[in-house]
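Student: sequence-free structure coming up:
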């Protein structure tokens, strides 16, 4: 009899309800558990790997995570790691793990070469020395990027460490030489290529989840059961804050499509998600599931009309200005993302939600205000020698103003924006055709310059929420690369002739000093507004839907923690779970 | 005595006295009229009016308004032109290619027959979506006209028909009258196109109609791949907007939006199928029950 009861006890224990939260995401399948492999670890990223700290954009506060504290000096960052941090196999997390992770990301990703050296001072102290030209703002990346400390546990990746360090050192040597304007000799290049390829092959083939039967993590949750449709993460019992967590399991449903997530939210099949959702669907959703709440936060990015400056179509600023005046941005926003923030009437490169902190009233007085007005657009074009016959505008050389507006097909909200924009431009008298970029070909089309104008992200402040990030994107990096805007040209400004490229460099060096940064931002805001590298349409928002039917403890809508969501919403969930705030009913 | 020969007595009368053919003909003619003179009568205003989205069907908006607040009926009428022209052209090309190659495969023997068979098999097994992606990359900078788009669509539709036609030909070619033609040295072209083709014509026509659905789907695919000119009023694109972009099925307000689009697509295809079946019944002696 006692045997019978004890076996029943085991049965009951095994079926006891584990407190869990259900979310939606994507992951590679078959799951390999290798952060350097294809698709990495999908949505498990921010649960499996932990940064030294979380940065809260709304308050400017850094919340320590894997680090206990840190010291920032010129060109150097010293981090003291948590003494109670452990890997999910019980091994101690040490400074050597950070050294290992940096070597592997530099070798595998050719980034971040801004870190010249990383040294383990002792078991819990690690010292980063920055490259002499690294922007001071890179410190933020070290503190907040989850890849920095915990990607490659030294006790698992040690057999490749020497190889990785060698490749990373060669990569840095090549990078620094090129940055100094010197040529790298062929022998070094060949040496790098062969060593890098050899390492890459071995690391890409490594499948810890299959070969070691588990993926060792330092973060709060480790992947334990993965199928095509579901990924289960289980609480890492060695996690430094595990005792506080009330939720012991995360169940991810495959984010196969937005419609699937809508249906899952309506039925209560997932507890939180952030899909783009039309207004009427949201109304219906709240009617059917009143326990579902919505919080919207800025995505720290704007959706914009971008121009290809490598082609002649939009080289004339008068045409770009006319477009800036004629577009009814509110209408575009309504049909595209109804919850988004309207773009301002000034196109400064500063996000609308941040503008009051960065652009002074004195500067706005000097700038053109792009209030929707078709007559102003007509007058600009007429003055510039354009003519209109019937309902068609012609360039001063007599050619019709006609172009194609490209948009990435799988991004529903962008397609809706493009459709509206095409209609408005055609109504005005341009001949515009809309073209969809097929799934998976966005990079190829945009980077290859196979477009005339397109819907894309304009300014974005992901990572380091600072104007520098946005201007770097517009004039030196992502947007500059796809548009070819002549950023090194000096433009007329009230402060004399200035180049936005040089100003962005200047801003990089003072980004951490708000007063000095504001002075540079005024000039960049003026150039951006007057010379229009892009025409912003609206500031993107992240709508977060969370349900109180199974999970309690969600923060109030004004809580600053929500502003951590852009660029990795799982950080918000992770923080709330591991601080013991979220509980399952 | 009245002369009972001629087009009216041989074609029109039998067709109009067959119920299926008559209904199919009426539906098909309705859509052809919609595509030809509809856009001249019904005005289309594509300016969005978000505040008036999802208006219910009324006298002002026969099919209601869509997610953008635009009249659905007007869009259906204007979109019918590209839907019907593109799908008819694509189906026509697919059926022509499939028939010619199918008859050849069925008639030819030996090495040549094997080559044609392999050719058909290649097109049967190529997965169409990756192939379309490759085509999109090749033609990414080319503006294709309707005929070129229809030809691309037909490329992925003809092979199953060719296989079926070849099977039909195989069963026909051993008949006595074919043997007679051979003995009379009537020539390959005569045997293929005068002896065999008329016998499989009804079958081909039914296939032509059933290809419409596939052609419509492929056309939408090409628009989404950027190969065909993007047409917001194409029924397939309208359906895509309603289901995937606007989520009309997730709100009772928007139910009419996909409903009327689907209704028109189904009616067009159903009308075509009825007409095809009717024609087969009228002209295939085996199915002509009334004589």
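Tutor: Arrived safely. Computed from a predicted structure; not experimentally measured.
Student: nearest residue to residue A:72 in space, please, no chain neighbours.
Tutor: residue A:139 (5.6 Å; Cβ to Cβ, 6 or more residues apart in numbering or on different chains). Glycine gets a C-beta too; all of them are placed from N, C-alpha and C.
Student: let me know the pLDDT of the one you found.
Tutor: What the model reports for residue A:139 is a pLDDT of 92.
Student: is the residue sitting nearest the centre point of chain B within a helix or a strand, and which one?
Tutor: Taking Cα atoms, centre = their mean, the centroid of chain B lies closest to residue B:212, which sits 2.3 Å from it. Element membership of residue B:212, judged by DSSP states H and E, is helix B:197-224.
Student: elements contacting that helix?
Tutor: helix B:72-107, helix B:128-138, helix B:146-155, helix B:158-172, helix B:235-240, helix B:256-283 (3 or more Cβ pairs under 8 Å, 6 or more residues apart in numbering or on different chains; DSSP states H and E).
Student: what's the closest of these to residue A:216?
Tutor: helix B:128-138 (37.1 Å; Cβ to Cβ).
Student: avg pLDDT for that closest one?
Tutor: On average, helix B:128-138 scores 71.
Student: same question, stretch B:199-212
Tutor: 76.
Student: run through who's touching it.
Tutor: Stretch B:199-212 is contacted by residues B:87-88, B:90-92, B:94-95, B:98-99, B:103, B:157, B:161, B:164-165, B:168-169, B:172, B:268-269, B:272-273, B:275-277, B:279-280, B:283-284 when judged by Cβ atoms under 8 Å, 6 or more residues apart in numbering or on different chains.
Student: same question, stretch A:471-479
Tutor: A:306, A:349, A:456-460, A:480, A:485, A:487, A:500-501, A:503-504, A:507-508, A:524, A:528, A:533-534.
Student: in helices, which of those residues fall?
Tutor: Taking DSSP state H, the ones among those that sit in helices are A:480, A:500-501, A:503-504, A:507-508, A:524, A:528.
Student: if you rank those residues by neighbours, which is first?
Tutor: residue A:500 (29 neighbours; other Cβ atoms under 10 Å in any protein chain shown).
Student: wait, doesn't it sit right on residue A:526?
Tutor: No - the pair residue A:500 / residue A:526 is not scored as a contact, 9.8 Å apart, by Cβ atoms under 8 Å.
Student: is stretch B:51-67 anywhere near chain A?
Tutor: Yes - legend: contact between stretch B:51-67 and chain A by Cβ under 8 Å from any Cβ of the partner chain is shown at B:53-54, B:67.
Student: need these in JSON lines (columns: distance to residue A:99).
Tutor: Shown next, in JSON lines, are the residues of stretch B:51-67 next to chain A (distance: Cβ to Cβ, whole Å):
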{"residue": "B:53", "distance to residue A:99": "57"}
{"residue": "B:54", "distance to residue A:99": "59"}
{"residue": "B:67", "distance to residue A:99": "54"}
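Student: which ones among these are found in strands?
Tutor: Using DSSP state E, no member of the residues of stretch B:51-67 next to chain A sits in strands.
Student: so, low pLDDT: which residues of the chain?
Tutor: Using chain A here. Judged by pLDDT under 70, chain A has its weakly predicted residues at A:1-16.
Student: that's the wrong chain, I wanted chain B
Tutor: B:1-7, B:10, B:129, B:132-133, B:136-137, B:140-143, B:224-227, B:283-291.
Student: okay, among the ones in helices among the contacts of stretch A:471-479, which ones form the most distant pair?
Tutor: A:508 and A:528 (16.3 Å).
Student: name the residues of the helix ranked longest in chain A that are buried.
Tutor: Ranked by residue count, the top helix of chain A under DSSP H comes out as helix A:154-179. Buried residues in helix A:154-179, counting neighbours by 16 or more other Cβ atoms under 10 Å in any protein chain shown, are found at A:154, A:156-157, A:160-161, A:163-168, A:170-172, A:174-176.
Student: could you do stretch A:188-197 as well?
Tutor: By neighbour count on 16+ other Cβ under 10 Å, the buried set for stretch A:188-197 is A:191-192, A:195-196.
Student: relative to residue A:241, which of those residues is nearest.
Tutor: Looking across the buried residues of stretch A:188-197 and measuring by Cβ to Cβ, the closest to residue A:241 is residue A:196, at 37.3 Å.
Student: what sits against whichever residue of the stretch 101-250 of chain A sits closest to chain B?
Tutor: Nearest residue of the stretch 101-250 of chain A to chain B: residue A:228, at 19.6 Å (Cβ to the nearest Cβ). Residues near residue A:228 by Cβ under 8 Å, 6+ apart: A:29, A:254.
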